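Chemist: Predicted structure and sequence below. I'll ask about it afterward.
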Amino acid sequence: MTAAAAPLPGDDSSRPVILRVAGPLVDITCPPTVAMHDLVVLGSAGLPGEVVAIHGDTATVQAYEYTGGLAPGHPAEPQGRPLSVRLAPDLLGGVYDGLLRPLAGAGDLLMTGGPSSPPELRGWSFTPRVAEGARVAAGDVLGEIGASVPLRLLTPPDCSGEVTRVAAPGEHSADAVLAVVGGHEVRMAQSWPVRRPRPVARRLPADVPLNTGQRAVDLLFPVARGSTVAVPGGFGTGKTMLLQQIAKWCDADVIVYVGCGERGNEMADVIEELTELTDPRTGGRLADRTVTVANTSNMPMMAREASVHTGATVAEYFRDMGLDVVLIADSTSRWAEALREFASRMGELPAEEGYPAGLASQLAAFYERAAAVHTLGGAAGSVTVIGAVSPPGGDRTEPVTAHTERFVRCLWSLDRELAYARHYPAVSWADSFSRDAAALATAHTRAGDAEWAARRGRVALLLAEADRLADLVDLVGVTALPPRERISVLAGRLLREALVQQSALSPADAYSAPGKTAALVEAVLAVIDRCLELVDSGAQADAVEAVDFTPLLRAREAAGPAETAPVAAARDTVLARLEEAA
């Protein structure tokens, strides 16, 4: 459509109107007060959009909803502020679209239209921690909020001065004024631009481990709180399942799960499981400390581009309260596809595979929002970002995967052959890495586990040696190898099946506490060492390989999530059988 139509009857001629509609891009008349990234409400339905280009007296708006029905002459109302979201305690336990609008009761398509729905009215217990007349600075604690996780009412980042009013203890709504600081009203609910990182006092070294409960991760490729992870893998390799396991079992205070362009049935499964799971930390629902941003493949594409920024803003909001937050983005490839489509519509010069030239800088800006920090109020908090990457055909040289690997601290690469062999999680020990491992080894030593780094190094070497011999075994058979190398092949099998492999469907094995993981490592290494000693002392490799290792292989299922005694018993049983074979 072109700018030929006249304004609708009754419209003020000076009021901004729509000039042209081309899919999600809408040209409007541009008042002098409009700036880049300002929010604009389009048409009588109030569709939200964002200014992405200004050409003289015309502004181009990126609409975040389906634009069917919009026409030249319809009104456009600039809001005079950037795209922002409402941040409040009532986000916990909710499901929202890419603009943080509630999706509860939105129907099967999970679609919303027009202005945001008002949040559910409920009371939150508030306990003041300052008195009237006190002077506070940005980020200082004004009071505590009762919720499934310990929340705080903070002085806003742009506010400081004397406290002239504090609400009485009791229940208050999120939009009630709880304090007045330097003439500014302070509420639980606040608004923040999604593309602007929230300020902090300073960044801290990321040297505290984030325990995920997944042995392949915690042992071989650990991640620190405040670090970044990429999870590349082709279709069917188990990316979503691994991320769901991280969301369920990691020891973060708050989980922000962003379903960015994924299938709606997968998001429905995630939401259902989070609702049904009992939180091991609080005894309540796991969903009560989870914020789900669902922008599935059947929802507006341009809202997908905003969804990762929305998730990062929510994560920073809870981080500023001194909490450890994990932000999971599944997947950043779908986000990059939205960037590519938008760049194409804007006529930008394409770079590799049609992606915009600024793809690398946008990926870097997103992962840069992960950090362990001292907040403005002096508390320690963190945001850990875990992003799935879906390379077409499993090609890790494609732009999104290649650029992402440059910016993250950890890579959990999922292997198709492991997945097809029903080895889950299919984290490849050959293609993955962790740049946090050295710092975390020091943290484990401080915590009293000085052998953590040695165990990790030994397991990695044994797995690498078994992989090196695998091709040779395929050619000549295992019986043609020298005895010690035959034990190396056996060691690789024991490590894979008894330690690295883990069942997400087993109540005993879905989560592995650090103590159980350490016990399994020590048990498997003790058996491997005894096998090597036997063949070195002249025992036949055939006799050693013929030993029944079943108790060791089943120890991960026989022991509960935090039990170590059954693991020790299985180790002793297998060691006794080795002595009999000798």
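Modeler: Structure received. Residues are numbered from 1 along each chain as shown.

Chemist: my guess is His403 is in a helix, correct?
Modeler: Yes - assignment of His403 by DSSP: H, G, I helix; E, B strand; the rest coil places it within a helix.

Chemist: worst-scoring helix or strand of the protein, pLDDT-wise?
Modeler: helix 264-276 (a mean of 81; mean pLDDT, DSSP states H and E).

Chemist: so for the longest helix along the chain, what's the average pLDDT?
Modeler: The longest helix of the chain (DSSP state H) is helix 452-476. Averaging pLDDT along helix 452-476 gives 94.

Chemist: Mind giving me the packing neighbours of it?
Modeler: In this structure, helix 452-476 makes packing contacts with helix 437-446, helix 483-495, helix 514-536, judged by 3 or more C-beta pairs under 8 Å, 6 or more residues apart in numbering; DSSP states H and E. C-beta here means a position set from N, CA and C on the backbone, and glycine is covered the same way.

Chemist: can I get the CA coordinates of stretch 303-315 in PDB?
Modeler: Extracted C-alpha coordinates of stretch 303-315, given in PDB (Å, rounded to 0.1, in the frame of the first residue of the first chain):
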ATOM      1  CA  ALA A 303       8.400 -10.200  18.600                       C
ATOM      2  CA  ARG A 304      10.900 -13.100  18.400                       C
ATOM      3  CA  GLU A 305      13.700 -10.500  17.800                       C
ATOM      4  CA  ALA A 306      12.700  -8.700  21.000                       C
ATOM      5  CA  SER A 307      12.200 -11.800  23.100                       C
ATOM      6  CA  VAL A 308      15.800 -12.500  24.000                       C
ATOM      7  CA  HIS A 309      16.300  -8.900  25.100                       C
ATOM      8  CA  THR A 310      13.100  -9.200  27.100                       C
ATOM      9  CA  GLY A 311      14.500 -12.300  28.800                       C
ATOM     10  CA  ALA A 312      17.800 -10.600  29.600                       C
ATOM     11  CA  THR A 313      16.000  -7.700  31.100                       C
ATOM     12  CA  VAL A 314      13.900  -9.900  33.400                       C
ATOM     13  CA  ALA A 315      17.100 -11.800  34.400                       C
END
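
Chemist: Not counting sequence-adjacent ones, nearest residue to Gln190?
Modeler: With sequence-adjacent residues excluded and distances taken as C-beta to C-beta, 6 or more residues apart in numbering, Gln190 is closest to Leu87, at 5.4 Å.

Chemist: doesn't Val314 make contact with that neighbour?
Modeler: Yes - the pair Leu87 / Val314 is scored as a contact, 6.7 Å apart, by C-beta atoms under 8 Å.

Chemist: if you count what's nearby, which of these two comes out ahead?
Modeler: Neighbours per residue (other C-beta atoms under 10 Å) separate Leu87 from Val314, with Val314 holding more: 26 against 21.

Chemist: Quick check, the more buried one in contact with Thr290.
Modeler: No - look at Val314 against Thr290 with C-beta under 8 Å: they stay out of range, at 10.8 Å.

Chemist: Which residues are in contact with each of the two?
Modeler: Overlap of the contact sets of Val314 and Thr290 (by C-beta atoms under 8 Å, 6 or more residues apart in numbering) consists of Val256.

Chemist: Which of the helices and strands packed on helix 452-476 sits closest to Tyr64?
Modeler: Among the helices and strands packed on helix 452-476, helix 437-446 comes nearest to Tyr64, with 39.9 Å by C-beta to C-beta.

Chemist: what inclination does that closest one have with respect to helix 514-536?
Modeler: Compare the direction of helix 437-446 with that of helix 514-536 by axes from the mean of the first three to the mean of the last three C-alpha atoms, to 10 degrees and you get 100 degrees.

Chemist: what's next to helix 437-446, contact-wise?
Modeler: Under the criterion C-beta under 8 Å, 6+ apart, residues Pro205, Ala206, Asp207, Val208, Pro209, Phe221, Pro222, Ala224, Ala450, Trp452, Ala453, Arg456 lie in contact with helix 437-446.

Chemist: Filter those residues down to the buried ones, ChimeraX style.
Modeler: In ChimeraX syntax, the buried subset of the contacts of helix 437-446 is picked out as below (16 or more other C-beta atoms under 10 Å):
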select :206,207,208,209,221,222,224,452,453,456
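
Chemist: now the contacts of helix 437-446 as TSV including distance to Val373 and secondary structure?
Modeler: Shown next, in TSV, are the contacts of helix 437-446 (distance: C-beta to C-beta, whole Å; DSSP: H, G, I helix; E, B strand; the rest coil):
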residue	distance to Val373	secondary structure
Pro205	11	coil
Ala206	10	coil
Asp207	13	coil
Val208	12	coil
Pro209	17	strand
Phe221	24	coil
Pro222	20	coil
Ala224	13	strand
Ala450	29	coil
Trp452	26	helix
Ala453	27	helix
Arg456	27	helix
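
Chemist: Reformat the contacts of helix 437-446 as JSON lines; add distance to Ala541.
Modeler: What follows is the contacts of helix 437-446, written out as JSON lines (distance: C-beta to C-beta, whole Å):
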{"residue": "Pro205", "distance to Ala541": "47"}
{"residue": "Ala206", "distance to Ala541": "45"}
{"residue": "Asp207", "distance to Ala541": "43"}
{"residue": "Val208", "distance to Ala541": "44"}
{"residue": "Pro209", "distance to Ala541": "38"}
{"residue": "Phe221", "distance to Ala541": "32"}
{"residue": "Pro222", "distance to Ala541": "34"}
{"residue": "Ala224", "distance to Ala541": "41"}
{"residue": "Ala450", "distance to Ala541": "34"}
{"residue": "Trp452", "distance to Ala541": "31"}
{"residue": "Ala453", "distance to Ala541": "31"}
{"residue": "Arg456", "distance to Ala541": "27"}
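
Chemist: Relative to Glu352, which of the contacts of helix 437-446 is nearest.
Modeler: Minimum distance to Glu352 across the contacts of helix 437-446 is 27.5 Å, recorded for Phe221 (C-beta to C-beta).

Chemist: shouldn't that closest one be in contact with Ser432?
Modeler: Yes - counting by C-beta under 8 Å, Ser432 is a contact partner of Phe221 at 5.0 Å.

Chemist: residues shared between the contacts of those two?
Modeler: Shared contacts of Phe221 and Ser432 (C-beta under 8 Å, 6+ apart): Cys410, Leu411, Trp412.

Chemist: and this protein, what are its domains?
Modeler: Domain assignment for the chain, taken from automatic domain parsing, gives 18-84, 121-189, 202-435, 452-581.

Chemist: and those domains, which is most packed in?
Modeler: Stretch with highest mean neighbour count among the domains of the chain: domain 202-435 (a mean of 21; mean count of other C-beta atoms under 10 Å).

Chemist: Span of that domain from start to end?
Modeler: 21 Å (C-alpha to C-alpha, to the nearest Å).

Chemist: swap in stretch 149-161?
Modeler: 28 Å.

Chemist: just to revisit the earlier point, now render the helices and strands packed on helix 452-476 as JSON lines, adding distance to Pro157 and mean pLDDT.
Modeler: JSON lines is the format used below for the helices and strands packed on helix 452-476 (distance: least, C-beta to C-beta, whole Å; pLDDT from 0 to 100):
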{"stretch": "helix 437-446", "distance to Pro157": "29", "mean pLDDT": "94"}
{"stretch": "helix 483-495", "distance to Pro157": "49", "mean pLDDT": "96"}
{"stretch": "helix 514-536", "distance to Pro157": "36", "mean pLDDT": "96"}
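
Chemist: Cheers, nothing more for now.
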